[in-house]
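A.B. asks: What follows is a predicted structure for the sequence shown.
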Amino acid sequence: MRRVTLFVNGSSKNGKVVAVYGTLSDLLSVASNKLGIRASNLYNGKGGLIDDIALIRDDDVLYVSEGDAFVDPQSEGKAAEDRSGSHTDWLTLNIGGRLFTTTRSTLVSKEPDSMLAHMFREKDVWGNKQDERGAYLIDRSPEYFEPILNYLRHGQLIVNEGINLLGVLEEARFFGIERLAEQLEVAIKNSHPPEDHSPISRKEFVRFLLATPTKSELRCQGLNFSGADLSRLDLRYINFKMANLSRCNLSQANLCCSNLERADLSGANLDGANLQGVKMLCSNAEGASLKGCNFEDPSGLKANLEGANLKGVDMEGSQMTGINLRVATLKNAKLKNCNLRGATLAGTDLENCDLSGCDLQEANLRGSNVKGAIFEEMLTPLHMSQSVLLLNEGNQSRLLHFKSPCSEGLEKAAEPFTGQLDPRMRVSSALLWMMVCVVVLQVHCHHWSYGLSPGGRHAAESLTGTLQAAAYLPRKGLASYMCDYVDLSPRNKLSKVKELLDSLADSES
């Protein structure tokens, strides 16, 4: 006796085992009773129609239909599975050479709008390439893909120690997993410590100095030293470019050849500091104190403060031979008793600056603003070319005082005449009285051209050009007087000046 298992067409569930006897009609009658249908056709597992009972073997699996065509139970199961969206079939991914095994539902369900969901929702829609083992090839980093796959599995962001969150974030953005990317951005932000803008203390900086070899360049660009006490420290050759040194105590510090370009030194104390060869281009030292500083380098290296903001600084008694203060701002600054020999002050703003007692020999003051500047008690006389520029800068500029044994007497002698002159003649008279002072002072000092032309050279043209530059001086006949003026004795010089004064009086009357 043979036994067979009967299933409804297209189904592999609720089968019935029956004995085969008699004819094919007898078997169909039994199937109708067992399965509750009107059995008309019998099919084997491959869909073949059975029309003779002799074709049935023991333990065959048969499918009974009511006259409809054969339906493969496996394909029907897959179709139902696709309609239900379960996607339970397994996939293997080859990510950068590393294999990951997961289910289709894992890649599709959690983030339905992601690239992975579009790639594996339907088979072969994207034409995914496979290796020899059937794994889908994706050229990405396996190290960063693992946290993404775990997120798709359970919805939690878990990253192993040592994995860069930025790499995982880039992979999440590549695969279009937006919610995971948002979580990663928050995690990255929280993982960074808050920026510390607190100033560096003296203790911290000293520890920093001790840990750095003396031959190594110490770079402190942009650091915050605001209010720190760095007094008496050896800060040579340190790069403080754009650093914040406001209200910092740098008194007696050695800043030789250090770089303070664009640094903030406002309100800082640099009294007595060594600033030989320092670079302070465009730095801000407004209101700072630099009393008694040394900018003079015996080796000839000059300090450079070009374009610096030095408003209201106190630089009294500083040694600044050859310093470069071109186009710097020294408004309301105190430079009393400073040594500015050979200094470059071209284009410098010296408005209301106190230069009393300064040594400005051979200093370049061309184009500088000296409105309200004080030039009293000068140690050495200015060049005449400098003097004329200063006097012509504005009515508020002060008359220069060249202190010598007889200069005060000459000033008093000139007062009655200059006081009674018409305002248009005061500039001319002042210039001529300066000439008289210079001639008389030859008893006590060098040749007349000292202080009148650069380097003390015999240059009659310099004096002539200077006088011709005066706004209200008569120009006729001046050159003939001045060109022969160089080699005369003091007595003859006085006589020549007297003739020039008489000529001036006749021309202006």
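C.D. replies: Looks like it arrived, so ask away.
A.B. asks: Tell me which helix or strand L209 sits in.
C.D. replies: helix 202-210 (DSSP states H and E).
A.B. asks: again, but for H118
C.D. replies: Here H118 sits within helix 115-120, counting by DSSP H and E.
A.B. asks: name the helices or strands packed onto that helix?
C.D. replies: Other elements packing on helix 115-120 under the criterion 3 or more Cβ pairs under 8 Å, 6 or more residues apart in numbering; DSSP states H and E are helix 104-109. Yep, even glycine has a C-beta here, placed from its N, CA and C like the rest.
A.B. asks: what is the mean pLDDT for the helix it packs on?
C.D. replies: Model confidence over helix 104-109, given as mean pLDDT, is 89.
A.B. asks: go on, stretch 330-342?
C.D. replies: On average, the pLDDT along stretch 330-342 is 93.
A.B. asks: Contacts made by it with the rest, please.
C.D. replies: Residues from elsewhere that reach stretch 330-342 (Cβ atoms under 8 Å, 6 or more residues apart in numbering): 296, 310-323, 348-363.
A.B. asks: how about low-confidence regions in the stretch 101-250 of the chain?
C.D. replies: Applying pLDDT under 70 to the stretch 101-250 of the chain flags residues 124-126, 193-197, 214-216.
A.B. asks: residue boundaries of the helices in it?
C.D. replies: All helices of the stretch 101-250 of the chain, identified by DSSP state H, counting those that start in this stretch, fall at 104-109, 115-120, 142-154, 165-174, 178-191, 202-210.
A.B. asks: Name the residues of the last one that come out as buried.
C.D. replies: By neighbour count on 16 or more other Cβ atoms under 10 Å, the buried set for helix 202-210 is F205.
A.B. asks: now do the longest one
C.D. replies: Neighbour counts using 16+ other Cβ under 10 Å place 180-181, 183-184 of helix 178-191 among the buried residues.
A.B. asks: The third one now?
C.D. replies: If you call a residue buried by 16+ other Cβ under 10 Å, then helix 142-154 has these buried ones: 142-152.
A.B. asks: Of those residues, which is the nearest to S114?
C.D. replies: Comparing these against S114 with Cβ to Cβ places L152 closest, at 8.4 Å.
A.B. asks: mind exporting the helix holding L209 as PDB, just the C-alpha atoms?
C.D. replies: Extracted C-alpha coordinates of helix 202-210, given in PDB (Å, rounded to 0.1, in the frame of the first residue of the first chain):
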ATOM      1  CA  ARG A 202      53.200  83.600  34.800                       C
ATOM      2  CA  LYS A 203      53.600  80.100  36.300                       C
ATOM      3  CA  GLU A 204      52.200  78.400  33.200                       C
ATOM      4  CA  PHE A 205      54.400  80.500  30.900                       C
ATOM      5  CA  VAL A 206      57.600  79.900  33.000                       C
ATOM      6  CA  ARG A 207      56.900  76.200  32.900                       C
ATOM      7  CA  PHE A 208      56.500  76.500  29.100                       C
ATOM      8  CA  LEU A 209      59.800  78.400  28.800                       C
ATOM      9  CA  LEU A 210      61.700  75.800  30.900                       C
END
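A.B. asks: Now do it: everything it contacts.
C.D. replies: Outside helix 202-210, the residues that touch it by Cβ under 8 Å, 6+ apart are 200, 218, 225, 228-230, 233-234.
A.B. asks: Kindly report the same for stretch 146-158.
C.D. replies: The set of residues external to stretch 146-158 that reach it, using Cβ under 8 Å, 6+ apart, is 100, 102, 106-107, 110-111, 116, 159-160, 163, 168, 171-172, 175, 177, 180, 183-184, 187.
A.B. asks: Now, of these, which are buried?
C.D. replies: Neighbour counting with 16+ other Cβ under 10 Å marks 100, 102, 106-107, 110-111, 116, 159, 168, 171-172, 175, 177, 180, 183-184 as buried within the contacts of stretch 146-158.
A.B. asks: Save the buried residues of helix 178-191 as TSV, and put in distance to M1 too.
C.D. replies: Converted to TSV, the buried residues of helix 178-191 look like this (distance: Cβ to Cβ, whole Å):
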residue	distance to M1
L180	63
A181	68
Q183	67
L184	69
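A.B. asks: and N33, that's in a helix?
C.D. replies: Yes: counting by DSSP: H, G, I helix; E, B strand; the rest coil, N33 is part of a helix.
A.B. asks: tell me the pLDDT at it?
C.D. replies: For N33, pLDDT reads 88.
A.B. asks: N254 - how many residues pack around it?
C.D. replies: For N254, the neighbour count with other Cβ atoms under 10 Å is 18.
A.B. asks: Out of the helices of the stretch 101-250 of the chain, flag the one nearest L6.
C.D. replies: Closest approach to L6 among the helices of the stretch 101-250 of the chain is made by helix 104-109 (33.6 Å; Cβ to Cβ).
A.B. asks: Looking at the buried residues of helix 178-191, spot the one nearest A285.
C.D. replies: When the buried residues of helix 178-191 are compared against A285 (criterion: Cβ to Cβ), the nearest one is L184, at 46.5 Å.
A.B. asks: If we ignore the residues flanking it in sequence, what's nearest that closest one?
C.D. replies: L169 (4.2 Å; Cβ to Cβ, 6 or more residues apart in numbering).
A.B. asks: all strands for this structure, in order.
C.D. replies: Using DSSP state E, the strands of the chain run over residues 2-8, 16-20, 41-43, 49-50, 60-65, 90-95, 98-103, 136-138.
A.B. asks: doesn't A363 make contact with M378?
C.D. replies: No: assessed by Cβ atoms under 8 Å, M378 is found out of contact with A363, at 10.9 Å.
A.B. asks: neighbour count winner among those two?
C.D. replies: Applying other Cβ under 10 Å to M378 and A363 shows that A363 carries more neighbours, namely 26 against 19.
A.B. asks: neighbours around the closest residue to the more buried one other than its chain neighbours, how many?
C.D. replies: Leaving aside its sequence neighbours, A363 sits nearest to A343 (Cβ to Cβ, 6+ apart; 4.6 Å). By the criterion of other Cβ under 10 Å, A343 has 28 neighbours.
A.B. asks: wait, isn't A343 in contact with Q319?
C.D. replies: No: A343 is beyond contact range of Q319, at 10.9 Å (criterion: Cβ under 8 Å).
A.B. asks: Could you find the two of the contacts of helix 202-210 that are most distant from each other?
C.D. replies: Largest separation among these by Cβ to Cβ: L218 and D229, giving 18.2 Å.
A.B. asks: before we move on, back to that, of all the strands of the chain, which lies closest to A285?
C.D. replies: Among the strands of the chain, strand 90-95 comes nearest to A285, with 59.6 Å by Cβ to Cβ.
A.B. asks: helices or strands next to the closest one in the packing?
C.D. replies: Contacts defined by 3+ Cβ pairs under 8 Å, 6+ apart place strand 90-95 against strand 98-103, helix 104-109, strand 136-138.
A.B. asks: what is the mean pLDDT for it?
C.D. replies: Regarding strand 90-95, the rounded mean pLDDT is 91.
A.B. asks: What is the burial count for the closest residue to R236 other than its chain neighbours?
C.D. replies: Sequence neighbours aside, C256 is the residue nearest to R236 in space, at 4.6 Å (criterion: Cβ to Cβ, 6+ apart). By other Cβ under 10 Å, 19 other residues sit near C256.
A.B. asks: what does the one 10 residues further on give?
C.D. replies: When counting by other Cβ under 10 Å, one arrives at 21 neighbours for S266.
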